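Chemist: Build me a model from this:
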Amino acid sequence: MQIIEMNQFEIMQVIENATVGRLACVHDGQPYIVPLNFAHHFGALYAFTTFGRKVEWMRSNPNVCVEFDNVSATNDWQSVIVMGQYEELTHGQDTNEARTAAYGLLSKRAEWWEPAYVKTVIRDHVRRLEPVYFRILITDKTGHKAIK
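Modeler: Next comes the predicted model:
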């Protein structure tokens, strides 16, 4: 097996075909990572979630990364890291178009709103469902793959 760097075309293929990405954010030096559904469009990743730790942390530190992978076997895989800036798509006049675009992109996939918009019970407390649309403005992307 050999691990090599992926070219930009291969990286984009992984991003476009991924069903789930892992969003990582940091607050006060503490990392946090969660799986989310993403859609890519013109240099940005679009996503939908509900308010919680990740949104709170991204609001305070918009520097994030997203990992996508495609694993066929331990010696046959691809991994892509996307670095970027969190931008919340609120109900404001300046973000309505982007919010509508995010909905259109994400809703092309079946059950795109799960698991973000389902009843969640954490430590016997039901989390309120406050929807949040956002995008990650891509600043850099890298990828590696294993080949036999």
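
Chemist: Give me the contact list for the one helix or strand Phe9 maps to.
Modeler: Using DSSP states H and E, Phe9 maps to helix 8-17. Around helix 8-17, the neighbours that count as contacts under Cβ atoms under 8 Å, 6 or more residues apart in numbering are 6, 40, 45, 68-70, 78, 80, 82, 141-143, 145. Every C-beta, even on glycine, is put in place using the N, C-alpha and C of the backbone.

Chemist: what do you get for stretch 59-74?
Modeler: Contacts of stretch 59-74 (Cβ under 8 Å, 6+ apart): 14-15, 17-18, 21-27, 38, 45, 58, 77-88, 136.

Chemist: Narrow these to those in helices?
Modeler: 14-15, 17, 58 (DSSP state H).

Chemist: Mind checking which of those residues are buried?
Modeler: 14-15, 58 (16 or more other Cβ atoms under 10 Å).

Chemist: Quickly list what the nearest residue to Lys108 once chain neighbours are set aside is bridged to.
Modeler: Nearest-residue entry for Lys108: Ala39, 7.3 Å, with adjacent residues in sequence omitted and distances by Cβ to Cβ, 6 or more residues apart in numbering. Taking DSSP bridges as the rule, Ala39 bridges to Tyr46.
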